[in-house]
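Asker: Give the three-dimensional model of this entry:
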Amino acid sequence: MALSACSFEPPIHLPAGPGSAGYTAGAAPHKTVASMGKGGAAQTLSYGKDMSTVWWRLFHSPRLDALVSLAMQHNPTLDLARAQLHQAEAVASINASVFYPQVSASLGAQRAKSVTQSGGGKTNAYTYSLFTGGVGVSYYPDIFGVNRMVYRGSEAQVEYQRYELEAAGLTLSGNVVTAAIGEAAVRAQIDATRRIIAQERHLLKLTETQYHVGSVSQLNVINQQAQLASSEALLPPLMQQLAVYRHEMAILVGRYPSQWHDKPFTLDELHLPKHIPVSLPSTLVKQRPDVQAAERQIRYAAALVGESRAEFFPALQLTGSFGYSSNTTNLLFNPVSTIWSLAASLVQPIFEGGKLDAQEREAKAVFDGEFANYRMTVLGAFQQVANALRAVQNDADALAAEQSALDSSRQALQMAEYDYRTGETDYLALLAAEVQYNDAKIAYLKAQAQRYQDTASLLLALGGGWWHQPVKGVPASMIHAKAGHSS
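Answerer: The predicted model follows:
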């Protein structure tokens, strides 16, 4: 009895986080720079504050909410995660059944012939009937905790699969937002490229007119034709990128690419979050479902160690049965036909060729591996947050610089076009201004999209706020209490 009160599980001492040291090396960013144009607002990083909603709602886009909701309802990856959770719950229920007596009923009928020989060598044959009925009970008192360890491990697996479902939902929402932003960014680049092509065609006509009147040489016409062809060559790769994003979105929402006919998504439908809540490092591990899942794997491995250690001790089984046995049915339930039995067995392993020792070493190795995996998961989580914080800061600086470059190149192109028409400058100056403006426009659009993408990455890295009441279509498991605050 004293041994049964002991726990064979190894103690779990999770590594401490960085405390209040912050996420990044050096001073943490608190506010980004602002710039003109869509997506150029300054962002304030509010440390110590929690998300008030699921992360994608911070972009204030009804269409984005609808896309995420649609994906949550129909994505097969989430269906797989749900099925794995239900499987783990079923296994836990199976393992829990061993704590209760196992009761079975039986009813049988037998017709048999037997042969006996008398002392004189005479053979006698007997044909008889046998009818039986009864109830049997077996019970395994879990004195040394083997069954308890098995059930504890299955409980940890249920929690692991639940957090895996949460992580799958977060990953899915991130993929939907990334695909939507990517599609919008590529569409903006396509529109800009088409405007650039239209402008270059206009300049080609102007150059051809000047060539016909003898103002410029044919080389200028050829150069402008080459510039126009180079810009037109940019369209097919952009159209391919757009097709890839559209096809990806179709798969994310559980449709075939040919079935996806949703209207185009644009960056104008997104509003850059101006106030970003940044949880403290001490609470990050409670908000990340992947970290919580890794912790449950440690607990599962600890239960395996306890189970392997408990195997060294005796296993007790109690059985009992009561029933009737008779050669005729009319006497089957007569008191004279009753039969019963009570039995107890105690099995103690003595020698199994080192199997139990090897099983214990294996379980301990699994425990050490899961502990290392937990550390890697936590470190990876902090790395993602640190990278995203710096990215948000640097993206704002890059967008401001690209905005300035775009404004300057637009002004330079306008001046070059005017001087070219009036004959105050040559074609090479105009061509250089064209190329510079085209490059600046595309670079600005890419910087704008990157800022949205990295803001989304930061919100995801912080846990995504999955513990809040979700939008319609989010899995029911994502409604339960916040990680670390649940039972």
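
Asker: so what's residue 194 closest to, chain neighbours aside?
Answerer: residue 235 (7.4 Å; Cβ to Cβ, 6 or more residues apart in numbering). Quick note: C-beta positions are derived from backbone N, CA and C, even for glycine.

Asker: And that neighbour, how close does it get to residue 446?
Answerer: 16 Å (Cβ to Cβ, to the nearest Å).

Asker: go on, residue 430?
Answerer: Counting by Cβ to Cβ, the gap from residue 430 to residue 446 is 25 Å.

Asker: More neighbours: which of these two?
Answerer: residue 430 (25 against 17; other Cβ atoms under 10 Å).

Asker: quick one: that one and residue 203 touch, right?
Answerer: Yes: assessed by Cβ atoms under 8 Å, residue 430 is found in contact with residue 203 at 7.2 Å.

Asker: tell me, what's touching the two both at once?
Answerer: Common contact partners of residue 430 and residue 203 (Cβ atoms under 8 Å, 6 or more residues apart in numbering): residue 417.

Asker: Could you point out which residue ranges in the stretch 101-250 of the chain have low pLDDT?
Answerer: Residues of the stretch 101-250 of the chain meeting the criterion pLDDT under 70: 119-121.

Asker: hey, where'd the helices end up in it?
Answerer: Along the stretch 101-250 of the chain, counting by DSSP state H, counting those that start in this stretch, helices occupy 146-212, 218-233, 235-252.

Asker: Excluding residues flanking it in the chain, which one is nearest residue 391?
Answerer: In this structure, residue 391 finds its nearest non-sequential neighbour in residue 454, 3.9 Å apart by Cβ to Cβ, 6+ apart.

Asker: Sorry, wrong one. I was asking about residue 76.
Answerer: Leaving aside its sequence neighbours, residue 76 sits nearest to residue 254 (Cβ to Cβ, 6+ apart; 6.2 Å).

Asker: count of residues packed around the one you found?
Answerer: Count around residue 254 with other Cβ under 10 Å applied: 17.

Asker: what does residue 241 give?
Answerer: Counted with other Cβ under 10 Å, residue 241 comes out at 17.

Asker: ok, now which ones touch residue 419?
Answerer: Going by Cβ under 8 Å, 6+ apart, residue 419 touches 425, 429-430.

Asker: try 10 Å this time
Answerer: Applying Cβ atoms under 10 Å, 6 or more residues apart in numbering to residue 419 gives the contacts 425-426, 429-430, 433.

Asker: what's the answer for residue 158, then?
Answerer: 85-93, 296, 300.

Asker: Can you report phi and psi for residue 278?
Answerer: Backbone torsions of residue 278, given as degrees, to the nearest 10, read phi -120, psi 110.

Asker: ok, now how distant is it from residue 284?
Answerer: 10 Å.

Asker: shared neighbours, the two?
Answerer: Both residue 278 and residue 284 are in contact with 23, 385, 461-462, where contact means Cβ under 10 Å, 6+ apart.

Asker: export the residues you listed to JSON lines and tack on distance to residue 33?
Answerer: As requested, the shared contacts of residue 278 and residue 284 are exported to JSON lines (distance: Cβ to Cβ, whole Å):
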{"residue": "23", "distance to residue 33": "20"}
{"residue": "385", "distance to residue 33": "21"}
{"residue": "461", "distance to residue 33": "22"}
{"residue": "462", "distance to residue 33": "22"}
